[in-house]
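Enquirer: Here is the input, now give the coordinates:
(2 chains)
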Amino acid sequence: NAGVMQNPRHLVRRRGQEARLRCSPMKGHSHVYWYRQLPEEGLKFMVYLQKENIIDESGMPKERFSAEFPKEGPSILRIQQVVRGDSAAYFCASSPSGGSYEQYFGPGTRLTVT
Amino acid sequence: SQQGEEDPQALSIQEGENATMNCSYKTSINNLQWYRQNSGRGLVHLILIRSNEREKHSGRLRVTLDTSKKSSSLLITASRAADTASYFCACTGATGGYQKVTFGIGTKLQVIP
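Expert: Numbers count the residues shown, from 1 in each chain, chains lettered A, B, ... in the order given. Sure, this is the predicted structure:
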């Protein structure tokens, strides 16, 4: 049973470009969460999605950031017009149902904006 | 906010010693989880303890929960160099329905061989 998969593992973008981060949840999991981790800090919640629905996006910046989890295919976190402050590790987690169940994390995508 | 706060922020011990990390939170929780993160890697789930549980064991790990003090502790016995990592507590709220998991900033544990 493959774990949560994220790609790419490392992504380098110049300021102003777009970054697309992909997450495939564990088999049988229909809930996906995105977190951002700055160096030497804990994880900050960004967004919680179920298939074709955004359940909670209270942690998402209001501009430039968007997320989707289509009926088919991986969840995508999209960052438009990246800035240096977007440099961070972005983790995706999945769970079989929302709320109280433990979340299973992917290895993360490390985004560097130059 | 039910954000967990770990204490200490960093801990350095000799191999074979026990390591204790603490987590405090502010509001009622449904459950509390501990995760480990090796440098540059994703998080690995260690243990989940529900609000009606007081203690839980998994191998060399022992987790306690004191809801009256809104605190939890993670004890790693007979530590090994491979235990070197950051440890995070994560709280899930108790108000029913969906409650997002909130992570603390972590305790960085170094086990010296």
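Enquirer: Next up, the contacts around the closest residue to B:E53 other than its chain neighbours.
Expert: Counting by CB to CB, 6 or more residues apart in numbering or on different chains, B:E53 lies nearest to B:L65, which is 6.2 Å off, once chain neighbours are set aside. C-betas here are computed from N, CA, C, even on glycine. For B:L65, the contact set (CB atoms under 8 Å, 6 or more residues apart in numbering or on different chains) comprises B:L32, B:I49, B:S51, B:E53, B:R54, B:E55, B:S71, B:S72.
Enquirer: Nearest the middle, which residue of chain A would you pick?
Expert: A:W34 (3.6 Å; CA atoms, centre = their mean).
Enquirer: Low-confidence stretches in chain A?
Expert: For chain A, applying pLDDT under 70 flags the ranges A:1, A:98-101.
Enquirer: which residues are there in it that come within reach of chain B?
Expert: Contact residues, chain A versus chain B (CB under 8 Å from any CB of the partner chain): A:4, A:33, A:35, A:41-45, A:48, A:55-56, A:58-59, A:91, A:93, A:98-100, A:102-108, A:110.
Enquirer: So for stretch A:60-80, what gets flagged as buried?
Expert: For stretch A:60-80, the neighbour count (16 or more other CB atoms under 10 Å in any protein chain shown) marks A:M60, A:F65, A:A67, A:E68, A:F69, A:P74, A:S75, A:I76, A:L77, A:I79 as buried.
Enquirer: Count the neighbours of residue 39 for me.
Expert: Since you didn't name a chain, this refers to chain A. Neighbour count of A:P39, defined by other CB atoms under 10 Å in any protein chain shown: 7.
Enquirer: nope, chain B please
Expert: 8.
Enquirer: SS state for it?
Expert: coil (DSSP: H, G, I helix; E, B strand; the rest coil).
Enquirer: Name the nearest residue to A:R64, sequence neighbours excluded.
Expert: Per CB to CB, 6+ apart, closest to A:R64 is A:Q80, 4.7 Å.
Enquirer: Report the contact partners of the one you found.
Expert: For A:Q80, the contacting residues are A:E18, A:R64, A:F65, A:S66, by CB under 8 Å, 6+ apart.
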